[in-house]
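# Need a 3D model of the sequence below.
(chains A, B, C, D, E and F)
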Protein chains: 6
Amino acid sequence: MRSKFIKEEIRYTGEQLHSLFAYDNFGVTGDSIIAFIGAYDVSLKEIVDLEDLKASKRLVSPKMLHFIAEHFDVDLEKAILRQYLLIMIIKELLNEKMANLKVTRQGTDLQDNDAKLAISTATASPVSSLVYVGVNIVSQADSSVKTKGLADYTIDPVVFATEVMDRYTKEIERVSQARCRIRWVE
Amino acid sequence: MRSKFIKEEIRYTGEQLHSLFAYDNFGVTGDSIIAFIGAYDVSLKEIVDLEDLKASKRLVSPKMLHFIAEHFDVDLEKAILRQYLLIMIIKELLNEKMANLKVTRQGTDLQDNDAKLAISTATASPVSSLVYVGVNIVSQADSSVKTKGLADYTIDPVVFATEVMDRYTKEIERVSQARCRIRWVE
Amino acid sequence: MRSKFIKEEIRYTGEQLHSLFAYDNFGVTGDSIIAFIGAYDVSLKEIVDLEDLKASKRLVSPKMLHFIAEHFDVDLEKAILRQYLLIMIIKELLNEKMANLKVTRQGTDLQDNDAKLAISTATASPVSSLVYVGVNIVSQADSSVKTKGLADYTIDPVVFATEVMDRYTKEIERVSQARCRIRWVE
Amino acid sequence: MRSKFIKEEIRYTGEQLHSLFAYDNFGVTGDSIIAFIGAYDVSLKEIVDLEDLKASKRLVSPKMLHFIAEHFDVDLEKAILRQYLLIMIIKELLNEKMANLKVTRQGTDLQDNDAKLAISTATASPVSSLVYVGVNIVSQADSSVKTKGLADYTIDPVVFATEVMDRYTKEIERVSQARCRIRWVE
Amino acid sequence: MRSKFIKEEIRYTGEQLHSLFAYDNFGVTGDSIIAFIGAYDVSLKEIVDLEDLKASKRLVSPKMLHFIAEHFDVDLEKAILRQYLLIMIIKELLNEKMANLKVTRQGTDLQDNDAKLAISTATASPVSSLVYVGVNIVSQADSSVKTKGLADYTIDPVVFATEVMDRYTKEIERVSQARCRIRWVE
Amino acid sequence: MRSKFIKEEIRYTGEQLHSLFAYDNFGVTGDSIIAFIGAYDVSLKEIVDLEDLKASKRLVSPKMLHFIAEHFDVDLEKAILRQYLLIMIIKELLNEKMANLKVTRQGTDLQDNDAKLAISTATASPVSSLVYVGVNIVSQADSSVKTKGLADYTIDPVVFATEVMDRYTKEIERVSQARCRIRWVE
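The predicted structure is shown next:
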């Protein structure tokens, strides 16, 4: 499993969440997780979770840290389980860094009290499954949704991105290895 | 997804980790998680993770809280991803209860500093996949492995078991529902 | 598994047979079967079974009872087996109501002697599999294809729709439950 | 898909319901359905549906017509859907032969009023999935369960077996062919 | 598994490599391999292997022998393994015909020393998996890539196509049959 | 994918062809191919291909080069396609070494004219799929089956084993990589 921090700023519009995005644009081959920084501006037609679409949960953020993981199997349930793994790793790391339990999980989103800190989604293409997580960097004073961001905790997003990708990569590799040394039962 | 706390004490020998155990013994049908209390005494021949077997990680514990989840699909990788979900839920709940970050995760085990608190494993039968988690209730003064248990934190194992099963059940149901409302991407 | 009778009249053009139609339009989540009444007017480009397309089996009907079942697994063969289950349930119910063997099955269509009574198809999207059954309500005097409809048997389509959906739902749930209590064999 | 009527009488003990039985004993290769006549005497340890086991539904019959279908995919849900297809084909044929609606279906069993006529089950091995249907030939006057058999309707079991296998084979082939000519949808 | 040599000349533009092409255009049903002769002129947007796309490996050939195999399962890895089988069969047949080891394999392409003789690719649609092999008939004196073709070896492309399809069909059938007579192991 | 030549001599009895053999005995983790030298003496009850069993194709050989490949997916058809890949790689290498076309393929066995040179089989366990290839080292003058071995061609079995494993590993890795860079088609 490969990981790569993309240095150029990319406006996340939802169109990035499709098969082979990492390979096609950044030469990252195989199962992968990439991260990049940029605004978040997903139009309704790019929202993959129809619940969010119905709720018209159209979020806009001037600066977020984006993660896209792609795995070359086509199992949406597995994709959602990996989404949980990634969001829980991010929560663990945030709380470790702040040495407290500030960050809580609401399903597959992260909060700091009632302020939204990170959102996530999972989907599938005909050749792969995809996980997206967006972590706020700056909080938006004027937004209808209360938010917090990495900047509020003076966490450097680039360093943080690398740590998250390292941990996710390591855990996914543990999953792969465990799969190959487990005895079946009756 | 069903859950059930089994009131009778059961010595966990590893033989419980097989297909249809919950249905066969306690009438629990479908995808399920059950919990029970009892000693932990798994013989080498019942160890499913061959790494543990090689390390001769034969643990004995006089009193543990045991969880067995069974899902009727046959995908070992998915089983391991659910093992992560369950162990992370247990970690979250322990830290919330103690309002600190004492409990840390080492892969799919839980620790309190250098003391072992919970272990877990996943496997598959020809009709289902299975997750096991064992949480120490009493710590063992005389053991070669340093341990901590729920009793050290004055956490009631029966209440705790119910909370864990509720959360796991709720998250697994969220996974199922999410699966049925997500648009695919190109 | 959910079911819902949609009261508004909907012209079935084939475009309804796509993933998440029931969720997107009627808030029906998860595996589901919905029914509605309306004309049948499927253009050639919406026909999914290419055999029908080749035969230019373009049917038009002023009033039909339409069923769409969606299951969130992606196995076309399973979809076709469920198509058989649904069409056989409809046949059983029709014959029971009329207390005779009038309705016969030709593969996955239903006939009353040489008059066409119901047609069906199955297909898959990248996230789900889909079954469609259309049952004539009114027969068409002027059509090139001889037809019969529920009105000819004075069967109320709304009541009938509900009974069909109840039976299908019940059988699919029996399938799910059976799956979780069957011992594997060598 | 192959079919074969086995002329020798075989006592059905449940041990026949395992992978490669038809190939190993009768040289029938590939997906197949076989039929044979003999007593039905399944010991508790060979019962695959644990619900029947719990109900101690141990049936004994002096003479039954047995069907075993084997398909070389490993999907228990698909096996159960094929079980429905086979039992519904048998029901259709029986009612056609008697030109009435005498035979009714209770899930995956067949009845003539309150008399049991046919039972069925499905299971999976690690290389295939299996369907079993047993149709009574003679009814048992002294049994605790009221039964009816083919002899009561003066239906010849050998002819009947061949007709059932022909229909099942034909429908399964229709499923295979349909699978290969259906356009996917969005 | 069906095979068919299509007599009409078809310009291969890459658009032919999609689901149900053989059924839709030539009435070939089920798993199949077809062959036809024509120019090779694949635009960049039709290239399925993104590595080739990145390398801008846009080949043009005035006359090639094209093979398209379609299998109705959706497993890209299996498709690539079948691509290996087909290319290796073609290599074996060429060397047998020339009674030497002239033709060598570079991954999934064939060469005669440094001249390109055949190229191949595999992909998947939402209902099937597809293999393409193109074998040069005429070599191009003026091309930047050195090529050889069947004409250089005085091999008749129509006869050759039939032999390749016969061998591929036979081997795929052997695979199917082997699948249905193999005992599983612990 | 890992490979390992096992230096100790092992009598191949068929019992080696089971899940996790390489991990359990030689610490080889994940998808792997191992090779070792030893007698071939497979009892009837260990034969996995029932066709061989029916033909009582019980072979005995004093010295063979054995290959066992294990892949952690459970798809027998894929296992057989990998068996083809491995046997074809072995054939290619043998002919390259001898610079002629002496070695021919009969399905998944290799011959030198009418002398048997290599045999192969594939099977599946509930957690993995397995390929076995046995290449004769010494030919048996007194055997009923005419054989040839690597010694007849003065090919060093250890060097040969390493070359075969290198090529197989490389091709399997190409398959994995190709899978992750291929665009799907409609």
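
# from here on, contacts and neighbour counts on C-alpha atoms
Noted.

# List the beta-bridge partners for the residue most central in space within chain A.
When CA atoms, centre = their mean is applied to chain A, the residue found nearest the centroid is residue A:133 (1.9 Å). Under DSSP bridges, the beta-bridge partners of residue A:133 are residue A:67, residue A:120.

# near chain F, which residues of chain A?
Within chain A, the positions lying close to chain F (CA under 8 Å from any CA of the partner chain) are A:19-20, A:23, A:29-31, A:72, A:126-127, A:176-177, A:179-181, A:183-184.

# Pull out the buried residues from those residues.
With burial judged by 16 or more other CA atoms under 10 Å in any protein chain shown, the buried subset of the residues of chain A next to chain F is A:19-20, A:23, A:29-31, A:72, A:126-127, A:176, A:179-181, A:183-184.

# residue in chain A nearest to chain E?
Of chain A, the residue with the smallest distance to chain E, taken as CA to the nearest CA, is residue A:126 at 6.1 Å.

# re earlier: list the ones among the buried ones among the residues of chain A next to chain F that fall in helices.
A:23, A:176, A:179 (DSSP state H).

# interface residues of chain A facing chain E?
Contact residues, chain A versus chain E (CA under 8 Å from any CA): A:24, A:126, A:127.

# Neighbours of the first one, how many?
The local packing of residue A:24 (other CA atoms under 10 Å in any protein chain shown) involves 15 other residues.

# Report the contact partners of it.
Residue A:24 sits next to residue E:50 when contact means CA atoms under 8 Å, 6 or more residues apart in numbering or on different chains.

# Could you check the pLDDT of it?
Per-residue confidence at residue A:24 stands at 92 (pLDDT).

# so what's the backbone phi/psi at the closest residue to residue A:114 other than its chain neighbours?
Taking CA to CA, 6 or more residues apart in numbering or on different chains, and ignoring the residues beside it in sequence, residue A:114 has residue A:146 as its nearest neighbour in space, at 7.0 Å. Dihedral pair for residue A:146: phi -70, psi 130, per degrees, to the nearest 10.

# separation between residue A:146 and residue A:113?
The spacing between residue A:146 and residue A:113, counted by CA to CA, to the nearest Å, is 10 Å.

# Check residue A:23 too.
Going from residue A:23 to residue A:113 by CA to CA gives 37 Å.

# give me the number of residues near residue A:93?
Neighbour count for residue A:93, taken as other CA under 10 Å: 17.

# tell me the secondary structure for it?
Local secondary structure at residue A:93 is given as helix here, using DSSP: H, G, I helix; E, B strand; the rest coil.

# For it, which non-adjacent residue is closest in space?
Nearest non-adjacent residue to residue A:93, counting by CA to CA, 6+ apart: residue A:164, 7.5 Å away.

# Then residue A:173?
The shortest distance from residue A:173 to any non-neighbouring residue, by CA to CA, 6+ apart, is to residue A:1 (7.3 Å).

# Can you name the residues of chain A that neighbour chain B?
Along chain A, the residues adjacent to chain B under the rule CA under 8 Å from any CA are A:17-19, A:48-51, A:76-78, A:80-82, A:84-85, A:88, A:95-96, A:99-101, A:107, A:122-126, A:171, A:174-176, A:178-179, A:181-186.

# Any part of the one helix or strand in chain A whose mean pLDDT sits lowest near chain C?
For chain A, using mean pLDDT, DSSP states H and E, the weakest element among its helices and strands is helix A:50-54, scoring a mean of 75. Yes - against chain C, helix A:50-54 shows contacts by CA under 8 Å from any CA at residue A:50.

# Give me the distance from that helix to the chain's centre.
Relative to its chain's centre, helix A:50-54 lies at 18 Å (CA atoms, centre = their mean, to the nearest Å).

# Spell out whether it and chain D are in contact.
No - when contact is scored as CA under 8 Å from any CA, no part of helix A:50-54 falls within range of chain D; the minimum is 14.9 Å.

# Can you show me the CA trace of that helix as PDB?
Presented in PDB, the C-alpha positions along helix A:50-54 are these (Å, rounded to 0.1, in the frame of the first residue of the first chain):
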ATOM      1  CA  LEU A  50     -27.800  10.300  -0.700                       C
ATOM      2  CA  GLU A  51     -28.600  10.900   2.900                       C
ATOM      3  CA  ASP A  52     -26.400  13.900   2.800                       C
ATOM      4  CA  LEU A  53     -27.800  14.900  -0.500                       C
ATOM      5  CA  LYS A  54     -31.400  14.800   0.900                       C
END
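
# hmm, who's touching that helix?
Taking contacts as CA under 8 Å, 6+ apart, the residues outside helix A:50-54 that touch it are A:44, A:47, A:58, B:181, B:182, B:183, C:24.

# go on, stretch A:150-157?
By CA under 8 Å, 6+ apart, the list of residues contacting stretch A:150-157 from outside reads A:65, A:98, A:135, A:136, A:137, A:138, A:139.

# Helix or strand: which one has the third one?
When secondary structure is defined using DSSP states H and E, the element that contains residue A:135 is strand A:129-136.

# Please work out the average pLDDT along that strand.
In this model, strand A:129-136 carries a mean pLDDT of 96.

# which other helices and strands contact it?
The helices and strands touching strand A:129-136, judged by 3 or more CA pairs under 8 Å, 6 or more residues apart in numbering or on different chains; DSSP states H and E, are strand A:60-71, helix A:76-98, strand A:115-124.

# Next, the angle from it to strand A:60-71.
Regarding strand A:129-136 and strand A:60-71, their directions subtend 150 degrees when assessed with axes from the mean of the first three to the mean of the last three CA atoms, to 10 degrees.

# Look up how far residue F:45 lies from the residue lying farthest from the centre of chain A.
Summary for chain A: using CA atoms, centre = their mean, the residue whose C-alpha lies farthest from the chain's mean C-alpha position is residue A:186, with a distance of 37.0 Å. Here residue A:186 is placed at a distance of 21 Å from residue F:45 (CA to CA).

# now swap in residue A:20 and tell me
Residue A:20 sits 47 Å away from residue F:45, going by CA to CA.

# try residue A:9
Distance of residue A:9 to residue F:45, given as CA to CA: 63 Å.

# more crowded one of the two?
Regarding residue A:9 and residue F:45, a neighbour count based on other CA under 10 Å identifies residue A:9 as having more, with 12 against 9.

# tell me the contacts of the more buried one?
Taking CA under 8 Å, 6+ apart, we find residue A:9 in contact with A:36, A:37, A:38.

# chain center to the host helix or strand of the second one, what's the gap?
In the assignment (DSSP H and E), residue A:37 maps to strand A:32-41. Between the mean C-alpha point of strand A:32-41 and the mean C-alpha point of its chain there is a distance of 8 Å (CA atoms, centre = their mean).

# and what of stretch A:107-123?
When distances are taken as CA atoms, centre = their mean, stretch A:107-123 is centred 10 Å away from the chain's centroid.

# which stretches of chain A have low pLDDT?
For chain A, applying pLDDT under 70 flags the ranges A:53, A:56-58, A:141-143.

# What separation do you get for the residue of it found nearest chain C and residue C:108?
Sorted by distance to chain C under CA to the nearest CA, the residues of chain A start with residue A:126, at 6.0 Å. Using CA to CA, one gets 28 Å for the distance from residue A:126 to residue C:108.

# Thanks again, I'm all set now.
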